[in-house]
Structure formats: C-alpha cells, structure tokens
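> compute the structure for the input listed below.
(one chain, ligands or ions: 1)
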Amino acid sequence: MKKLQFGLSGMGRIGKVHLQNVQQHSATVSIKGVYPANIKAKKWVEEQGVNHFYETFEDLVNDPEIDAVIIASPTAFHAEQIILAAQAGKALFAEKPIDLDREKVTKVLQVLQQTHVPFFLGFNRRFDPSIEQIKKNILNGHVGTPEIIKITSRDPAPPPLTYIPSSGGLFLDMAIHDFDMACHLMDQKVTEVYSTASVFGDPNIGKLGDIDTAVTTLTFENGAIAVIDNSRHAAYGYDQRIEVFGSKGLCGMDNHRINQSFLANAKGMHQPVPPNFFIERYAASYAKEMTLFVEHLLHKTKPSVGAIAGLRALDLALAAQQSVAEKKAITVSI
Ligand SMILES: NC(=O)c1ccc[n+]([C@@H]2O[C@H](COP(=O)([O-])OP(=O)(O)OC[C@H]3O[C@@H](n4cnc5c(N)ncnc54)[C@H](O)[C@@H]3O)[C@@H](O)[C@H]2O)c1
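Here you go, the predicted model:
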C-alpha cells in the first residue's frame, strides 16, 4: 500500500512534537516536507531526516503528492492556511485555536463543510490517558450525574511578553483547552459564563491588556457547574488537576510528578514537582492524537474532535473576556 505523505507548517515548540509523533508511523506515513524554509529549527528538522522545505505555503498545499497537512504555525496563520489546504483537498490536523476572530472561524467551518476534507483539531488533552479514564468513569455512570467539575490549570511561567499581543490572551490562548475540557466531560450546553480576573505577576502583562489569574464558572443546561481556575505562574510547576463530583461519587486526576518517588521524614511527606510544562505532561496525548489522525485517514473515519469544538471553546473564551470586561455573568447557549 502507498504510504500517506504529510506536509508540516510551523516548526516551533508544538510543530517539533508533531513531527516526531508522525515519525512513529513510518510504516504508513512519510513526511514529505516542512514549511517555511527559513526557520530556526532547520538543522533540527534535517537531523530528523526531513530534507525538503517549501518556499511558500501554496507550494506545500499544491504539491499533488501531499495527502495531509499539519498546521502548527502561529495562531494568526491558522485560518488562512486551513482554508488553502482544504480547498486544495488536503486532510488537515490543525492546532488550536482555529483563529481569535469568530467570523474567521465561521468561514473556516463553511469551507470545511463544503470541501468535506478530514479535519482534526488539536485539543490534545482529551486523549491524555488520565482524562480518557475520567471520561469513561462518567460515561459508565460511576459518579452518577456530574454536578461540579473543578479544573485547575496553571502554567509554570507566563509566555514571553512578545507572544502576548498575538496570543489572544489567557482565555483564548490557554484557558481554551479548559473550556473544551469542561464541555467534553459534561457533554451539555453552557447557559452562563462568569469570569473574574487579575494580574499578580509581571505588571507588563496588564499593560498589554492581558491577565495572569482567572476563575471562570460555566453553568450547564441541567444546572451543573464547572469551576476553572487559571494562573500563568505556579511556583511549583505545571499544575493540571481535574475533579468531577457527581451524585454517586467523585473521579478525577491529580498532578503527575517528574518521577513517582516519595520521601517521608519528620518534616513531612515529600514528592517531586510536576513535569515542567505541557510538552512533558501531555506527551502521551500528543502521540495519541497523531495516532488517531493517521488511523482516521487510513480507515476513512471521522475525527472525534473537529472545528465545531473549536468554535464552541472560542465562544466560551470570548464570553469569559466579556464577563471580565463587563463585570457580570454572560448568558449564552453554547
Ligand atoms: N495543543 C497544545 O497543547 C499547544 C501547545 C503549544 C502551542 N499550541 C498552538 O500551536 C501554535 C504554535 O505554537 P508554538 O508554541 O509551537 O509556537 P512557536 O512560536 O514555538 O513556533 C511557531 C513556528 O511557526 C513558524 N512560522 C512563522 N510564521 C509562519 C507561517 N506563516 N507559517 C508557518 N509557520 C510559521 C515559526 O518560524 C516557528 O517555527 C499556536 O497556535 C499555539 O496556540 C498548541
């Protein structure tokens, strides 16, 4: 059988993760090339055995040998690149968020509906083994009806100040994963969003119009409530915890540790810190989402997480921003 040929756009932090994960499927997929040519990571890419670089994104999507494109470019380029690739008939794996602008996301949805190309959106956390188990516990009725979901999602350090203006801010860039997670676990419409936010770390974050601390409550159709707590600077590392409290019990996940050792002495019970950041903590989920993407292409099945999930998470992030700006709860039907 002919191997699938992939092209990758964007070779920064997450593009490199995807390249290495695609290479785990060398029996069925080969990476034909990377865009752009002029990147810091060029030598690294060549060391991975990929030697073809496209001068323009159009060269990539118009290459008849390419079956699928992975979009790991900066957020500002996602929408136009998804549209060009879809119109060229390529299957797509795209990083979140699709775009920061709702109209552009709607346009992307229209093009995807017209072109019918397979589209997988990188809400990777859904494929983390612990989170998959939480979802199974809910679906199997082990906690009864979920009533309260608590998501703690705190980064170890804020991104560089230069990243902030184009990132969309904490809600659209970071908490968007948590909004998707709350909806994924609850599987219900959200009827109200309330967020409150502050800046506790670098005051320049505030000067750029962003925040570094936020608590959001999402109220679901049946009255269940999600509480999402975000910070950009957890002193002890990347803090990722979930609790689902239901009518019959509780399930969730605690932080992973860099190793599973512990030390007990007269001063207390000590454990190592959590993994440094998302690349380490969610390594298994990035590998699994790529495996699923490849399987969807090989077996012609529909990805479970697509552009509609992206629009829903964006709408919740925009409502959270509005809630902070207007200091009130926002009624929604998302
Ligand atoms: N799912 C996740 O957990 C996760 C984690 C990190 C980043 N992301 C998303 O992935 C995207 C990339 O983030 P990152 O942290 O890897 O960024 P980054 O800044 O580390 O890397 C971006 C790369 O894109 C390249 N680039 C610049 N302009 C480009 C263009 N027009 N087309 C293609 N590539 C271009 C840059 O040279 C760089 O190599 C962002 O949208 C971000 O939100 C998702």
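> kindly report the residues of the chain close to the ligand.
Neighbours of the ligand within the chain, by C-beta under 6 Å from any ligand atom: 9-15, 35-36, 39, 41, 72-75, 77, 95-96, 122, 124, 173, 278. Quick note: C-beta positions are derived from backbone N, CA and C, even for glycine.
> make a ChimeraX selection of whichever of the residues you listed turn out to be buried.
Selection command for ChimeraX covering only the buried members of the residues of the chain next to the ligand, criterion 16 or more other C-beta atoms under 10 Å:
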select :9,10,11,14,15,35,36,39,41,72,73,75,95,96,122,124,173,278
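> among the residues of the chain next to the ligand, which lie within helices?
Arg13, Ile14, Gly15, Thr75, Phe77, Phe278 (DSSP state H).
> could you work out the most separated pair of these?
Spatial extent of those (C-beta to C-beta) is set by the pair Phe77 and Phe278 at 20.5 Å.
> quick one: Asp187 from Leu84, how far?
According to C-beta to C-beta, to the nearest Å, Asp187 stands 33 Å off from Leu84.
> tally of neighbours for Gly223?
Residues near Gly223, counting by other C-beta atoms under 10 Å, number 10.
> now it: phi and psi?
phi 100, psi -10 (degrees, to the nearest 10).
> going forward, count from 419.
New numbering, starting at 419: the last item is Gly641.
> from Arg730, how far off is the nearest residue to it once chain neighbours are set aside?
Spatial nearest neighbour of Gly641, chain neighbours left out: Glu565 (8.0 Å); criterion: C-beta to C-beta, 6 or more residues apart in numbering. Going from Glu565 to Arg730 by C-beta to C-beta gives 21 Å.
> confirm that Val691 sits in a strand.
No. Judged by DSSP: H, G, I helix; E, B strand; the rest coil, Val691 forms no part of a strand; its state is coil.
> which stretches in the protein count as helices?
431-441, 460-465, 475-479, 493-505, 520-533, 547-557, 582-585, 587, 594-604, 621-625, 696-699, 701-717, 725-744.
> packing partners of the longest one?
With contacts defined as 3 or more C-beta pairs under 8 Å, 6 or more residues apart in numbering; DSSP states H and E, helix 725-744 has these neighbours: helix 520-533, strand 537-539, helix 594-604, strand 608-616, strand 631-638, strand 748-749.
> just say which of the helices of the chain is most tucked in.
Ranked by mean neighbour count under mean count of other C-beta atoms under 10 Å, the helices of the chain are led by helix 594-604, which reaches a mean of 24.
> can you tell me what sits against it?
With C-beta atoms under 8 Å, 6 or more residues apart in numbering as the test, helix 594-604 has contacts from 514-515, 541, 543-544, 549, 552-553, 556, 564, 567, 569, 571, 608, 634, 636, 638, 642, 644, 646, 648, 660, 662, 727, 730-732, 734-735, 738.
> same check on stretch 705-724?
422, 436, 439-440, 442-443, 446-447, 485-486, 509, 511, 530, 536-542, 544-547.
> change it to 7 Å
422, 436, 439-440, 442-443, 446-447, 485-486, 509, 511, 536-542, 544-545 (C-beta atoms under 7 Å, 6 or more residues apart in numbering).
> weed out the non-buried ones from these.
Here, 16+ other C-beta under 10 Å leaves 422, 436, 439-440, 443, 447, 485-486, 509, 511, 536-542, 544-545 buried among these.
> so how far is the helix or strand of the chain with the lowest mean pLDDT from its chain's centroid?
Among the helices and strands of the chain, helix 582-585 carries the lowest confidence by mean pLDDT, DSSP states H and E, at a mean of 90. Here helix 582-585 is found 16 Å from its chain centre; the criterion is C-alpha atoms, centre = their mean, to the nearest Å.
> packing partners for it?
Contacts defined by 3 or more C-beta pairs under 7 Å, 6 or more residues apart in numbering; DSSP states H and E place helix 582-585 against helix 493-505.
> what does the helix it packs on rub up against?
Contacts for helix 493-505 (C-beta under 7 Å, 6+ apart): 427, 475-476, 479, 487, 489, 491, 510, 512-513, 515-518, 522, 525-526, 529-530, 533, 535, 584-586.
> by how many degrees do it and helix 520-533 diverge?
Per axes from the mean of the first three to the mean of the last three C-alpha atoms, to 10 degrees, the angle that helix 493-505 makes with helix 520-533 is 20 degrees.
> enumerate every residue touching the residue in the chain positioned nearest to the ligand.
The nearest approach of the chain to the ligand comes at Gly430, 1.6 Å away (C-beta to the nearest ligand atom). Contacts for Gly430 (C-beta under 7 Å, 6+ apart) come out as Ala490.
> again, 6 Å this time
Residues counted as contacts of Gly430 (C-beta atoms under 6 Å, 6 or more residues apart in numbering): none.
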